[in-house]
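Q: Sequence first, predicted model second:
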Amino acid sequence: MMNSKILVVDDEPAIVSGCKMILSEQGYAVEVSTSGREGLKMLLDTPFDLVLLDIQFPHISGIDILKTLKQKSIDVAAVVMTGNGTVDNAVEAMKCGAYDFITKPFSEEQLLGAVVKALESIKLVKENHSLKKQLYDKFDFSNIIGENSNIRKIFEKIERVAPMDSTVLLDGESGTGKELFANAIHVRSNRASCRFLAVDCSTFSSTVMESELFGHVKGAFTGADTNKTGIFEAASDGTLFLDEVANLDLDIQGKLLRVLETGEYKPVGASRIRHTHARVVAATNRDLAGMVEGGTFREDLFYRLNVFPIHIPPLRDRRDDIPGIAYHFLRLFSRKAQKKIEGFSDDALRALVNFEWPGNVRQLKNVVERLVIMCDTDLLDHRALMDNLEVKPLEFSHSVPMSLDELKLAKKRFLEENFGPIECSFLTRALVEAGGNITRAAKTVGMQRSNFSAMMKKNDIHP
């Protein structure tokens with residue numbers, strides 16, 4: 001780290017001048033002080049990368065200087081210069097934050113070696129802080145768009161539980177962004193510098209899932225040609241995110257319960273028990289309590305996972321966040337597509353707000369990305385939205401009506417899921433064109449005001 005800024009603080013002029021000459025010749029920017037008090041003032045007023053600091057001064061000790069720097073959170077590496085017989089002081093200095101110490105008299109090689117190592121150390125620390133900040137910023141709450149009161153409460157819960165090692169259970173529909181919240185927990189924890197690993201428990205069969213979680217030894221089964229490290233071992237000092245944990249079969253659930261209770265597990269085919277310190281954040285889009293009653297999920301595992309439950313609300317329950325989320329994705333995909341799109345028309349935005357979003361934030365993201373790709377204008381209007389809005393069809397294969405009552409129920413459900421968004425758009429467009437006047441809007445579309453108003457109430461639309 002040439003051009004690094006170094007301060008030499010020693011009450012012996014020969015030491016000060018010698019250090020300055022040697023270090024300046026190597027390209028370092030060197031300042032000096034022969035007073036402990038003056039040296040401390042310089043450190044507090046001016047940023048330095050490294051300080052070479054004597055232990056003994058008439059009015060203040062080098063230890064006191066180090067303690068003050070630590071108390072004031074001054075980010076500077078320190079190498080203590082100590083005379084023979086004061087090694088104990090040097091050890092105390094190391095406890096107060098000094099990186100290293102050198103004993104007087106020291107050679108040019110010893111001085112340069114200590115300086116280079118200390119500067120390399122502070123460089124690594126700064127790089128680590130920078131990377132950690134980048135990670136923190138990536139999963140900062142500002143990147144989880146939400147001003148809804150329920151979302152703000154979730155932020156408060158995460159701030160409280162993140163520093164703990166408690167198991168967290170995120171409950172919410174598919175597409176609500178559970179992994180994003182899990183990452184937010186990780187980067188606010190004491191494990192932020194370690195790994196965050198995610199595994200989808202619905203991806204693998206039972207046999208493969210056991211190997212993925214706990215690893216296996218060579219020869220454990222056909223095709224096991226080498227030892228395999230499991231995710232619990234890989235994430236031992238970090239955070240393990242188990243997504244869709246409800247899909248684990250009962251056998252794997254038992255093994256998972258043991259890991260959560262004792263930290264112990266055995267790789268497939270192994271005879272020796274291993275230990276993990278991984279923190280678990282689990283997620284599900286299913287009713288685990290109902291599965292416990294149905295006998296498909298272990299009750300003891302449910303309570304072990306449910307230490308700190310956090311419910312992620314569906315998008316339809318926080319409609320006030322939809323405009324902010326939609327514009328966030330619009331800016332994101334507009335930059336990627338190198339397009340200048342100003343925003344949504346009023347009726348398009350109202351249609352977005354009133355849509356049910358069965359796929360939640362993920363579906364909204366996909367719709368906005370598709371709109372940006374197809375857009376050739378500077379405004380996304382209602383027609384473009386309706387052409388690209390995903391409408392979930394009624395799946396008759398899942399439940400064929402067996403009676404007139406069931407047929408009526410299926411018809412009602414079909415209308416709610418498929419015709420509802422069109423009805424909302426119909427109402428909002430009429431209101432926009434009428435300037436929010438309900439009477440005028442009803443007259444324009446050929447309806448009685450009372451019927452138009454009733455339809456607005458049914459769809460929770462306000463002028």
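A: Sure, I can see it.

Q: okay, CA-based contacts and neighbour counts for the rest of this
A: Will do.

Q: for the stretch 251-400 of the chain, what are the low-confidence residue spans?
A: Confidence mapping of the stretch 251-400 of the chain against pLDDT under 70 gives the ranges 390-400.

Q: so what's the residue in the chain sticking out farthest from the centre scoring on pLDDT?
A: The C-alpha centroid of the chain is most remote from Ala14, which lies 53.2 Å away (CA atoms, centre = their mean). At Ala14 the predicted local confidence, pLDDT, stands at 90.

Q: Check Phe214 too.
A: Confidence for Phe214, expressed as pLDDT, is 92.

Q: residues in contact with it?
A: 229-233, 265-268 (CA atoms under 8 Å, 6 or more residues apart in numbering).

Q: Please repeat the previous calculation with a cut-off of 10 Å.
A: Phe214 is in contact with 228-234, 255-256, 259, 265-268, 274, 276, counting by CA atoms under 10 Å, 6 or more residues apart in numbering.

Q: so how far is stretch 285-302 off the chain centroid?
A: Distance of stretch 285-302 from the chain centroid (CA atoms, centre = their mean, to the nearest Å) equals 28 Å.

Q: Quick one: end-to-end length of it, please.
A: Across stretch 285-302, the terminal residues are separated by 14 Å (CA to CA, to the nearest Å).

Q: Check which helix or strand the residue farthest from the centre of the chain maps to.
A: For Ala14, the enclosing helix or strand under DSSP states H and E is helix 13-25.

Q: Convert the C-alpha atoms of that helix to CSV, please.
A: What follows is helix 13-25, C-alpha atoms only, in CSV (Å, rounded to 0.1, in the frame of the first residue of the first chain):
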residue,chain,number,x,y,z
PRO,A,13,14.1,12.6,17.8
ALA,A,14,16.5,10.0,16.4
ILE,A,15,13.8,7.4,16.2
VAL,A,16,11.3,9.9,14.6
SER,A,17,13.8,11.1,11.9
GLY,A,18,15.1,7.6,11.2
CYS,A,19,11.6,6.2,10.7
LYS,A,20,10.6,9.1,8.5
MET,A,21,13.6,8.8,6.3
ILE,A,22,13.3,5.0,5.8
LEU,A,23,9.5,5.1,5.1
SER,A,24,9.6,8.2,2.9
GLU,A,25,12.2,6.4,0.7
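
Q: Could you look up the next helix or strand downstream of that helix?
A: Beyond helix 13-25 toward the C-terminal end (DSSP H and E), the next one is strand 29-33.

Q: Which secondary structure elements does the helix or strand immediately after that next one in the chain sit against?
A: Under the assignment DSSP H and E, the closest C-terminal helix or strand after strand 29-33 is helix 36-45. Taking 3 or more CA pairs under 10 Å, 6 or more residues apart in numbering; DSSP states H and E as contact, the helices and strands that helix 36-45 lies on are strand 5-9, strand 29-33, strand 50-54, helix 62-71.

Q: before we move on, back to that, list the buried residues of the helix holding Ala14.
A: Neighbour-count burial for helix 13-25, with 16 or more other CA atoms under 10 Å as criterion, is recorded at 15-16, 19-20, 22-24.

Q: Equivalent analysis for stretch 354-363, please.
A: Residues of stretch 354-363 classed as buried by neighbour count (16+ other CA under 10 Å): 354-361, 363.

Q: Also stretch 59-74?
A: Applying a neighbour-count criterion of 16+ other CA under 10 Å, the buried positions in stretch 59-74 are 61-63, 65-67, 69.

Q: Over to stretch 405-415?
A: For stretch 405-415, burial by neighbour count (16+ other CA under 10 Å) applies to 410, 414.

Q: Restrict it to CA atoms and write it as PDB.
A: Listed next in PDB are the C-alpha coordinates belonging to stretch 405-415 (Å, rounded to 0.1, in the frame of the first residue of the first chain):
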ATOM      1  CA  ASP A 405     -74.600 -26.200  -5.800                       C
ATOM      2  CA  GLU A 406     -71.000 -27.100  -6.700                       C
ATOM      3  CA  LEU A 407     -71.500 -25.800 -10.200                       C
ATOM      4  CA  LYS A 408     -72.800 -22.500  -8.900                       C
ATOM      5  CA  LEU A 409     -69.800 -22.300  -6.500                       C
ATOM      6  CA  ALA A 410     -67.300 -23.100  -9.400                       C
ATOM      7  CA  LYS A 411     -69.000 -20.400 -11.500                       C
ATOM      8  CA  LYS A 412     -68.700 -17.900  -8.600                       C
ATOM      9  CA  ARG A 413     -65.000 -18.700  -8.100                       C
ATOM     10  CA  PHE A 414     -64.400 -18.500 -11.800                       C
ATOM     11  CA  LEU A 415     -65.900 -15.000 -12.000                       C
END
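
Q: check contacts around the nearest residue to Arg318 once chain neighbours are set aside.
A: Taking CA to CA, 6 or more residues apart in numbering as the measure, Arg318 lies nearest to Asn148, with 6.1 Å between them; neighbours along the chain are not counted. Remark: with contacts taken as CA under 10 Å, 6+ apart, Asn148 is in contact with 317-322.

Q: Which of the residues you listed are buried? Put it as a PyMOL command.
A: A single PyMOL command suffices to select whichever of the contacts of Asn148 are buried according to 16+ other CA under 10 Å:
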select buried, resi 318+319+321+322
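
Q: export the contacts of Asn148 to TSV and tack on distance to Ala182 and secondary structure?
A: Conversion of these to TSV gives the following (distance: CA to CA, whole Å; DSSP: H, G, I helix; E, B strand; the rest coil):
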residue	distance to Ala182	secondary structure
Asp317	21	helix
Arg318	20	coil
Arg319	23	helix
Asp320	23	helix
Asp321	20	helix
Ile322	21	helix
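
Q: now, among the contacts of Asn148, which is nearest to Leu349?
A: Looking at those and their distance to Leu349, the nearest is Ile322, at 8.8 Å (CA to CA).

Q: which among the buried residues of stretch 354-363 gets closest to Ala430?
A: Asn354 (14.5 Å).

Q: related to what we said a few turns ago, dump the residue contacts of the residue farthest from the centre of the chain.
A: Taking CA under 10 Å, 6+ apart as the test, what Ala14 contacts is Lys20.

Q: how much space between it and Ser403?
A: Computed with CA to CA, the distance linking Ala14 and Ser403 is 102 Å.
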